[in-house]
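[1] Structure for this input, please:
(4 chains)
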4 protein chains.
Amino acid sequence: MSELRFRQVHLDFHTSEKIPGIGGRFDKSKFQEALKRGHVDSVTLFSKCHHGLSYHPTKVGQMHPHLSFDLMSRQIEACREIDVKCPIYLSAGYDEWAAFAHPEWLACSREGKSFNPTQPGFKALGFDTPYLDYLCEQIIEVVENFDAADGIFLDIVGPRDNFSPIALTKMHGFGIDIFDDAAVSNWKYQVLQNYFARTTVAVKTGDSKRKVFHNSGHILKGAPEINRWNSHLELESLPTGGWGYDHFPMSAKYAATTGFDFLGMTGKFHTTWGEFGGFKRANALRYECAAMLAFGAKCSIGDQLHPNGEMNLDTYALIGAAYAEVETKEAWCRAAVPISDIALFSPEALIGNSFIGRSKYNQAEEGAARMLLELGAQFDVVDGACDFAKYQLVILPDTVTLTGEFLEKIEKYLENGGKLLLSSASGLNSEKTEFALNLGLELVGKSEFVSDYLVPTAASPTSPVRGPFVVHGGAFN
Amino acid sequence: MSELRFRQVHLDFHTSEKIPGIGGRFDKSKFQEALKRGHVDSVTLFSKCHHGLSYHPTKVGQMHPHLSFDLMSRQIEACREIDVKCPIYLSAGYDEWAAFAHPEWLACSREGKSFNPTQPGFKALGFDTPYLDYLCEQIIEVVENFDAADGIFLDIVGPRDNFSPIALTKMHGFGIDIFDDAAVSNWKYQVLQNYFARTTVAVKTGDSKRKVFHNSGHILKGAPEINRWNSHLELESLPTGGWGYDHFPMSAKYAATTGFDFLGMTGKFHTTWGEFGGFKRANALRYECAAMLAFGAKCSIGDQLHPNGEMNLDTYALIGAAYAEVETKEAWCRAAVPISDIALFSPEALIGNSFIGRSKYNQAEEGAARMLLELGAQFDVVDGACDFAKYQLVILPDTVTLTGEFLEKIEKYLENGGKLLLSSASGLNSEKTEFALNLGLELVGKSEFVSDYLVPTAASPTSPVRGPFVVHGGAFN
Amino acid sequence: MSELRFRQVHLDFHTSEKIPGIGGRFDKSKFQEALKRGHVDSVTLFSKCHHGLSYHPTKVGQMHPHLSFDLMSRQIEACREIDVKCPIYLSAGYDEWAAFAHPEWLACSREGKSFNPTQPGFKALGFDTPYLDYLCEQIIEVVENFDAADGIFLDIVGPRDNFSPIALTKMHGFGIDIFDDAAVSNWKYQVLQNYFARTTVAVKTGDSKRKVFHNSGHILKGAPEINRWNSHLELESLPTGGWGYDHFPMSAKYAATTGFDFLGMTGKFHTTWGEFGGFKRANALRYECAAMLAFGAKCSIGDQLHPNGEMNLDTYALIGAAYAEVETKEAWCRAAVPISDIALFSPEALIGNSFIGRSKYNQAEEGAARMLLELGAQFDVVDGACDFAKYQLVILPDTVTLTGEFLEKIEKYLENGGKLLLSSASGLNSEKTEFALNLGLELVGKSEFVSDYLVPTAASPTSPVRGPFVVHGGAFN
Amino acid sequence: MSELRFRQVHLDFHTSEKIPGIGGRFDKSKFQEALKRGHVDSVTLFSKCHHGLSYHPTKVGQMHPHLSFDLMSRQIEACREIDVKCPIYLSAGYDEWAAFAHPEWLACSREGKSFNPTQPGFKALGFDTPYLDYLCEQIIEVVENFDAADGIFLDIVGPRDNFSPIALTKMHGFGIDIFDDAAVSNWKYQVLQNYFARTTVAVKTGDSKRKVFHNSGHILKGAPEINRWNSHLELESLPTGGWGYDHFPMSAKYAATTGFDFLGMTGKFHTTWGEFGGFKRANALRYECAAMLAFGAKCSIGDQLHPNGEMNLDTYALIGAAYAEVETKEAWCRAAVPISDIALFSPEALIGNSFIGRSKYNQAEEGAARMLLELGAQFDVVDGACDFAKYQLVILPDTVTLTGEFLEKIEKYLENGGKLLLSSASGLNSEKTEFALNLGLELVGKSEFVSDYLVPTAASPTSPVRGPFVVHGGAFN
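    Prediction:
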C-alpha cells in the first residue's frame, strides 16, 4: 500500500438539497490552480455527504437534485492531471436523504426519540438496519464505477443506541434483554463489528489493497479490534474546534507507536468545520503543520468547498503558506521514526475495544504529557501491547492499577532494569489496598482527610517549600 | 339502512402474536349458546385488532400467526344461523404489526417520539402516511371477500400530531410551517377529513348503504363535519372505565337530537376494557341498560373474548339478566322519540368541527344536566343547529357568550316567546363587556373581589338565607 | 370533670391586624339571641387567633390593634347569663404576630425555608424555641385573669421539622445528628411531648381539673401517649372540607372505645373553615348531627364570627334547625354506651405514638367500615389495647400482620372461642411468609402474576360467577 | 491621609469556634521575623472574622471562645515596633455568631431561604436589620479602644435580597411593593447607602481622617456614589482564584484614573483564599507584583494565618522573593502617574451606581484590553466622568450606544480633534437605528443573516484575506 501524501486537504462538501446551482462555477483549471497555490498533493473528494446526496450519477442513492453533471469525476480528473491524489469520502453515520426516504432506518434512543423535528441537526442511521446494505451498495458503486484508486474515507462511525422497531425486533431475535445494559452494550459492539466487516469488504471490492479509514473523531488507544479495520489513521483534531491544543500531541505520540501510517487533521477555519469565510491566522497553521511533522504525522487541512464548486483562493494562499514549508521538509520526514526514551502509558488504554467511558480528554494522561512536553522530553504514548524493553522509563499516570498480564509485563520490565514512575493510585492492585509490585514501598492507606499534607524531607532537597503543603483530594500514604 | 339492534355485544379480541392456540376452543354451537343465554341479537366481530393481526386469511395484512383457520367467518356463520347481526371491527388508529413492519408509518410527536421502547402501549399510526392506503385495502378486502353485510366499526379515530420524516415532507410540500400552530392544526384537520373520506368510501365498496362507525370514544357536539361520516352513533361510555356516570346521559340526550340511530355502549367489566375475569354486578348492568332505553338508545355491552375463542358463560348469564329485560321492552322503544320542553345548550358545541379543547367532561354542562336530572325535567342537550322553536325553555349554562348567527337565532327565539335561562357569563357578548341580548338587564361589571356576595331580595322569597351569601370566583353584577 | 355539652359551636375568630372596627357591632343581647336561636349551649371563644392577636387586654401578647375593649370577657359574660358554656381558644402552632416580632422562633425546613415571603399563609412557630415560654405565659394569663372555667382549646398541634439556628444549636447540644433521620424523628417527638407537658401544666394552673384539648385535626388511633394529654376529644371532621363523609364514622367508633367524653365537629360552611357567606343545606346539617348522636358523640358546629362581632342570624337559624332536634333527643343519649358485636381493628393503630405515616384516610379500614355500615352491623373501631373478649368477631383488614403481644392476644381470643375475619395479608407473620396463627390454613405463597384468578368452589355457593374471576394486585394462595 | 504602603499582606484569620488553642503559638519576635523575611511593611489584622468572633476582648461582640488573650493588640504591638502598618479587618456581610444569636437578622431570599441547614457556608446578615447597629458598635469599640490608626477594612459589602419578617415590616413601612422589582431594587440601594453612611461614620469616630475600605471583590466602574465611601481602593483579584489573569489589568487601569491611591491584591495560594499549605510558584508572584507596580498599584498579598498564630516561614520566604524586588523599585514608583494616549471606555460604566448586571468579566472591554495589552499600547480604562481631552484616541468597544450628556461629551471631543474607534454597535443611538454621531457614516441596518460576510476593499490593504470573511452574530451595515 502506498504511503500517505504529506500535504492533504479534506475538502468537506455537505450541501443541502435546497441549494441551487451545485458545482455551477466549477472550473478544472481554476480548481487545479487553487491546489497548486496551496501546495496540495492530496485532496479528499466527496461521493456522498451528510445530506445523503451524491455528487455523481448513481443508481443506488440520490444525486444532488441541483447538480447536473458528474462533479466528482471532474474533480478527480483535475487531480489526476496534476498528480494530486484523491481519496473518496462517504458519510456513513449521517444520511439525511435516507432518513427521509426510509425513516425506519433511523436510530432511536431508549426514550424513543430518533431526532428533534423542530431543531436542525443531522439524523443518525442505524447500522443494524437495511441502511447498512444501502451504504455498502453505495460504496461498491463508487469503487466499481469511479476512480477510487486512492481509497475511501467513511465518516461518523461509532456504536449507537437503537431501540427502533427494526432494532427491537432484531434484538428480540438474538435474545437480547433490552433492560440488561451489559447485553445491550455487547450487542452494540457486535453491530459495530458487523458494520466494519461489511463496509471494509465493500471498499476492497476489486482491489484488496484499496485504502479505507473509518473516522470517529478520535483514535482509540488500546483498542486493536477497532483500529485494525483501517489502512492508516487520520487524527481529526482541530485545536479551535473543540479538541484543544493538547489533544493532537497525545494522539500523535500514540499513533506513532501503532505501526500505521498516519496524518494529523486540522482545519483552515477560525473556529470549526463548516465555517465559510472563517480563516485561521497563517502562523497558527504553520505551527500546526510543523508540529504534525515533528510528531511523525503527515498533514491534512480541512476546508469546505463552496456549493458552486469554486475554490477560495484566500484559503489556498493560507494553506500554501504552511504547505510550502512542509514541502521543503518532507523529504527528511519520510519514514522518519521517533526515538523515545520514555513510555507514557495512557489510562485510556485500559478500556479495551470499547467506545464507552472514553472522551477526547484524559486528565491524568494530559497532565503527564504537558509536563513532558514542557520539559522537552522524548516520549511515546503507549498501550498494553507495547514492548516496554525499548524504553528507559515507563510512566503510569495517576489511575493505572495493575493486574494480570499487564502486571507481569511490568514486573518483567523492572527485572530487566526498567525504571517506573508512578503517581497517585498507579502501581496499586485494582482494589487499591496494597502495591501490586514489590517496590520496597508499603501502602499505609488513603488519608482520612480530603485535603491532606505532605512534608518534604531530606530526600527532596529541591522543594522550595520545606513545611507541609496541601494535597487536594487526599493522599495515599 | 336497517335500524340498529337493541341487544348488542362489542366483542373485543385484541390478542398478542405471542399467544398460542388462537380460537382453539371455538365451537359454533357453544358460541351460539352463549349468545342465546345473553339474549344477544348483534355482536361486533373482529377482522383486525390493535395488534394489527387479522382473524381470517388475508392478502393485505397479517393473519394471527397462531390462528390456523378462518375464525371470523366461522363466527359470522354462527351468527347468521341464529339471526344475530355481526358488524366487523377493524382497528384504525393502532396497529402493532404495521408499526413493526413499517416504522416509517408511526406518528411522531413534536418532540420526536413515536413510542416508548421500554414501556408497554399500543403504537399510533399516521393517517398521513401510506398506512392509510394499507388500512383502506384491508377494509376493501373484508367487504369484498367476507360477509360484512352488517357494517364496519373503525376504532381509535382522531387527529394526531405527526412530525415524522414522512409527515414533515408532506407538510413541507403543502407549505405548512411547522412552527405555526394554527397551520399545523388545520393540516391535522385536513388529514383527518382525508382519513374519513378514504375509509368511508372503502367501506361502501359494493354496497353504498353499508353501515360504518368511526369511534373516538366520545360523540363530538356541534361538529357535523366530523359526525356526518357515520351511519349511526355508538356512545362509548363505561361508567366505571373512566367516563363516569354523568357522561352517558349528556351524550345520549345530545345524540337523540341528531337524527342518527344510536346505541349506548357500556362494558361487562368490573373496571374497564380488557379485564378478563372482572364482572359488573348484575343490578348495575340492568340499571345501565334501562337508562339507555330511557334515553332513546339501543344497547351495547362490551366483552373481551378469550384468546381460545370460548365464550364465558358467566358473562353471558350476566348480560342475559339485563338483556332479557330489554327484550320485553324493546317493542315499545322502537322509533320512540323523546319529547322535551327544555333545551340545554352544550358549551362544547361552540368548539365546532375540531377535537381541540374538548374533553369527556364539561363542568358547566354537567352541572346543569345534574340539576335537570335530579329535578326529573325532560330536556335535550343541543348544539347551534337546533331548532329552538320546539322548546319552552333554552338553558345557556355558564360560558355561552353570544355573537353572530347564534345570537340572531336566540333573539328570534325570544321574539317568538321563548324563555331563556342564563347563568354566569352566558348571554354576554364575547368580550364579556355587556349583554348581547336586550334583556332589560345591564352589566355593571365583574366584581372586583374574587369572592363576592349576593343578598337575596324580595324577588327571591324562598331562599332560606336572607343575608349575604358567597359567590366563589366572583360574580357579574 | 363535667360532661361535655351536646350543642356546641366552635366560633372561629381569626382576624387580620389590618381589619378595622373589631367587635364594633358586638351587642350582648343580640349575641345571646343568636345563641338561643341556634339552641346552642356551649360556644368556644377566642383568646388568641392564628394572627397571634388577643381579643382582650394582655400583658404577655398583643391585643388586636383595632379592638378597643375586652371583647372576650363581654362574650363570656353574655354566655354566663344564659347558661352557655365557653371554652377558650388559643392558637398554638400558628402565630403571625410572634412570627414578625420574633422571626428567630419560626420553624425552618431542612431546605432552610421558614415561609414563602411572596405567598399568603400562616407561619409555623417552633415549640423548641422560646415561643413555647411565650405561649405558656399566654395560657397562664388567660386562666389566671379571665373566666376560663370551661377549659382551653389549643390548635395546630403536631411535630414539626425545625432546622433554624435556634433549633440547630439545641439539637447540637443534645447530640442529635441532623443527618440521622431516626434521631431527628425521635427529637421531634421529645419536643412535642415537652410541648404537651408545658402547655397542659399551664392550663391546669389554679384548677387541676380544667379541661384542655390539643387539636391536630385527627384523633390518632393507638397513640395513648399523644391522646392522654387531653381531657376529652374533639373530632374535627368537616365532610365537605377535606375530610369526606367516611372519616367521621371511623373516628367516632374509635373514640367511643377510649373512655373519653367526645364530640364530633363539623361546620356550617358550604365548603370549609373561614367561608363567610357559605351555608350548608339544613338537611345536611341535620343528618350530620343525628349521626354524631348515633355514634355516641356530642355535637359541635364550626362558625366564623364576623370581625365586627355581630352574629349571622341566617347561620343560627340553620344551626337551630339541627340543634332543636338534638335538644329533644339528648336526654336519651347522655351516658349512652354503644354495644357492638364486632371489633374492626384499625391498621393505623399499628403505628404507635407517632404522627408519621398516618393520614386522615386509611383504605383498608375504610373499605371494611363501609361494608359494615352498609350492612348495618354494630361495630367498634379498636386498637391493640382493646379487650377483645367482649366481641363475637374481630376483623383484621388487609394489612394487619401479627407478632409479639398482639399475636398472643389474638391467640388467646381465639382459644376462648372468638371469631376472626381476615382479609389479604392480615393474620400472616410480619415477613408474610406464613400464617402467624394456627388456623388450619397453609400459605402457599403470593401469586406470581400481578392479576390472579379465583375459581369459586362448592364452598361458596352464592357467588353468581362460577368461573374464574380476577384478583387485581395478585392473591395469596 | 497618608499614602498606602507598597508591600502589604492581607492576613486572613477566619477561625471556627470549634478550633482550640487560638493564638497559642503566637510569638512576637517570630511574628516580626516572618514579616521581615517577607519584606512586608503593612499587614491587615483581624478584629472580627466571618465566624463573627473577635480576636480581642469585646463588650459588644463575642471574643473567640478558645482565645485567652488580646491577640490583635499583641500583633499590633509587634508591627509598631518594626514600623509595619496594620489596618484592622472586620467582616461586615458575614457573621456566623450573630446569625445564631440573632437569626432574625439573617437576610432571606424571595423564596424564603436564609441559609441551607444541611450545607456548609457563611450566613449573610441583613444591613436593614439591627445587625447594622451591632456592626457599628463593633467598629466604634475597635477605633476607640484599640490602635486602629491605620484604618479599617470592611468585607463582604453589597446589596442583598432580604424578605425576612423584619425586612418585610420595614419595606411595608416605607410603602415598598415587594412585587415591584424596580421598587425593591431601589430599596436595596437605599439600604446599602445607609450601610455605607453608618459604618463610615463609625470608622471616623475620633479621627475624621481614618482610612476605610469597603470590599466587594470588584471595583465598580462608573459608580461614584458607591466608590466615594472609600479612602482608597483595594483591587481584590487572585488570578488563580476565579478572577483570572485578565481582571487585574482592566481594574487597575480604571483605578488609576479615579484619583484614589490603590493597591492590587493577589494571594500566596496555589488556588484561592483559605488554602493552608498551598503555595504559588515564586515566579508567578514576582510577575504579579511587578505588574501591580507597572499598572500604578501598591501591592498586597493574601495569606491565612494558622489558628495557632504562628506565621508560615515558607510563605514569607515566597513573599520575600517578590517583595524584595518591589522594595528596590518602589522609590521610583511612588507618585508615578501613567501617561496614556488611549482611553478605553468600559461598557460597565454605563450601569451607574448599581451592582446589578455587572460581573467580574466584561467581554467587550476584555477583548479590547487584550488587544491593547498585546500591542503594548498605553491606555486607561475610563468611565463617563473622564476628561477625554487628554487622550488622542477614545475606544468605545462593541456595546456603547450614545445618548444625552455622554453623547455631547463625545461630540465635543471630536470637534476638538479627538479620534474615536468604534466597534459593533458602539456609536449608534440607543435604539440602534442610526448613528448618534455625525461621522459621515450611514447605518443601513443590521444584516438579516445571523452570520454575515465582509469583503475587504482597497481601504483595508493589509488584510491577508481578500475575499469575504465571516462575521459571526451578524453585522451592522
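[2] hey, let's count contacts and neighbours off CA atoms from now on
    Will do.
[3] secondary structure class for the most centrally placed residue in chain A?
    Note on chain A: the residue nearest the mean C-alpha position is A:H218, at 2.7 Å, using CA atoms, centre = their mean. Three-state assignment for A:H218 (DSSP: H, G, I helix; E, B strand; the rest coil): coil.
[4] A:E33 too?
    Classified using three-state DSSP, A:E33 is helix.
[5] pLDDT value on it, please?
    A:E33 is assigned 98 on the pLDDT scale.
[6] The residue nearest to the centre of chain A contacts A:G242, doesn't it?
    No: using CA atoms under 8 Å, A:H218 is not in contact with A:G242, being 11.9 Å away.
[7] so how far is D:L305 from the closest residue to chain D within the stretch 351-477 of chain A?
    Nearest residue of the stretch 351-477 of chain A to chain D: A:F469, at 3.8 Å (CA to the nearest CA). Using CA to CA, to the nearest Å, A:F469 is found at 14 Å from D:L305.
[8] on that earlier part again, run through the residues that contact the residue of the stretch 351-477 of chain A closest to chain D.
    Residues near A:F469 by CA atoms under 8 Å, 6 or more residues apart in numbering or on different chains: A:Y453, A:L454, A:V455, D:F276, D:G277, D:G278, D:F279.
[9] for A:L305, same thing?
    A:L305 sits next to A:L11, A:D12, A:F13, A:M311, A:N312 when contact means CA under 8 Å, 6+ apart.
[10] Check A:K419 too.
    So A:K419 contacts A:Q392, A:L393, A:V394 (CA under 8 Å, 6+ apart).
[11] Restricted to helices, list those.
    Using DSSP state H, no member of the contacts of A:K419 sits in helices.
[12] Now list the buried members of those.
    Listed as buried from the contacts of A:K419 are A:L393, A:V394; burial here means 16 or more other CA atoms under 10 Å in any protein chain shown.
[13] between the contacts of A:K419, which is closest to chain B?
    A:V394 (47.3 Å).
[14] shaky segments in the stretch 251-400 of chain A?
    A:360-361 (pLDDT under 70).
[15] all strands for it, in order.
    Per DSSP state E, counting those that start in this stretch, the stretch 251-400 of chain A carries strands over the ranges A:262-267, A:298-304, A:342-345, A:379-382, A:393-396.
[16] how much space between A:P224 and A:N353?
    7 Å.
[17] and these two? which has more neighbours close in?
    A:N353 (16 against 13; other CA atoms under 10 Å in any protein chain shown).
[18] Contact partners for the more buried one?
    A:G222, A:A223, A:P224, A:E225, A:I226.
[19] before we move on, what about A:G158?
    A:G93, A:L192, A:S216, A:F355.
[20] Go ahead and list the helix or strand containing it.
    For A:G158, there is no enclosing helix or strand under DSSP states H and E.
[21] what helices or strands is whatever helix or strand A:A78 lives in leaning on?
    Using DSSP H and E, A:A78 sits within helix A:71-81. Counting contacts by 3 or more CA pairs under 8 Å, 6 or more residues apart in numbering or on different chains; DSSP states H and E, helix A:71-81 is packed against helix A:28-37, strand A:42-48.
[22] Just name whatever secondary elements the shortest one is in contact with.
    Going back to what we said before, that points to strand A:42-48. Packed next to strand A:42-48, using 3+ CA pairs under 8 Å, 6+ apart, are strand A:7-12, strand A:53-54, helix A:71-81, strand A:88-91.
[23] ok, residues contacting that strand?
    Residues from elsewhere that reach strand A:42-48, judged by CA under 8 Å, 6+ apart: A:5, A:7-13, A:54-56, A:72, A:75-76, A:84-91, A:142, A:153.
[24] same thing with stretch A:386-394?
    With CA under 8 Å, 6+ apart, stretch A:386-394 has contacts from A:S340, A:D341, A:I342, A:A343, A:L344, A:F345, A:Y413, A:G418, A:K419, A:L420, A:L421.
[25] Count the residues that sit near the residue in the stretch 251-400 of chain A that chain B sits nearest to.
    Taking CA to the nearest CA as the measure, the stretch 251-400 of chain A has A:I356 as its residue closest to chain B, at 21.8 Å. A:I356: 10 surrounding residues under other CA under 10 Å.
[26] how close does it sit to chain C?
    Per CA to the nearest CA, to the nearest Å, A:I356 is found 36 Å from chain C.
[27] Which positions within the helix holding A:A78 qualify as buried?
    A:L71, A:M72, A:S73, A:Q75, A:I76, A:E77, A:A78, A:C79.
[28] my read: the second one touches A:P57, true?
    No: between A:M72 and A:P57 there is no contact, the gap being 9.4 Å when judged by CA under 8 Å.
[29] Give me the average confidence score over stretch A:229-246.
    96.
[30] distance between the ends of it?
    26 Å.
[31] Kindly report the same for stretch A:249-265.
    Where stretch A:249-265 starts and where it finishes are 12 Å apart, if you go by CA to CA.
[32] what about A:V60, helix or strand, and which?
    Residue-wise, A:V60 maps onto no helix or strand under DSSP H and E.
[33] how many neighbours does it have?
    16.
[34] Isn't it up against A:E141?
    Yes: with the criterion set as CA under 8 Å, A:V60 and A:E141 qualify as a contacting pair; they are 7.5 Å apart.
[35] State the pLDDT value of A:M1.
    57.
[36] Distance-wise, check the residue in the stretch 151-300 of chain A that chain C sits nearest to relative to chain D.
    Residue nearest to chain C within the stretch 151-300 of chain A: A:F179 (19.8 Å; CA to the nearest CA). A:F179 sits 36 Å away from chain D, going by CA to the nearest CA.
[37] Quick check, A:K123 in contact with A:N116.
    No: contact criterion CA under 8 Å: A:K123 and A:N116 do not qualify, at 9.0 Å.
[38] quick one, which of those two is more surrounded?
    A:K123 (22 against 18).
[39] Could you pull up the residues touching that one?
    With CA under 8 Å, 6+ apart, A:K123 has these contacts: A:Y94, A:D95, A:E96, A:A99, A:L106, A:S114, A:F115.
[40] What is the nearest of those residues to chain C?
    A:S114 (33.0 Å).
[41] Not counting sequence-adjacent ones, nearest residue to that closest one?
    Among residues not flanking A:S114 along the chain, A:C108 sits closest, at 4.3 Å (CA to CA, 6 or more residues apart in numbering or on different chains).
[42] closest one to C:H39 among the helices and strands packed on helix A:71-81?
    strand A:42-48 (93.2 Å; CA to CA).
[43] In the closest one, which residues are buried?
    A:S42, A:V43, A:T44, A:L45, A:F46, A:S47, A:K48.
[44] what separates A:F153 from chain D, distance-wise?
    On the measure of CA to the nearest CA, A:F153 and chain D end up 29 Å apart.
[45] Check which helices and strands the helix or strand encompassing that residue sits against.
    In this assignment (DSSP H and E), A:F153 forms part of strand A:152-155. Under the contact definition 3+ CA pairs under 8 Å, 6+ apart, strand A:152-155 sits against strand A:88-91, strand A:212-214.
[46] Name every strand pairing with it and say which way it goes.
    Strand pairing for strand A:152-155, using DSSP bridges, gives strand A:88-91 (parallel), strand A:212-214 (parallel).
[47] Burial-wise, tell me which of these comes out on top.
    A comparison of the strands paired with strand A:152-155 by mean neighbour count, using mean count of other CA atoms under 10 Å in any protein chain shown, puts strand A:88-91 on top with a mean of 25.
[48] mind listing what's buried in the following helix or strand past that strand?
    Counting by DSSP H and E, the next helix or strand C-terminal to strand A:88-91 is helix A:96-101. Applying a neighbour-count criterion of 16+ other CA under 10 Å, one finds A:E96, A:W97, A:A98, A:A99, A:F100 buried in helix A:96-101.
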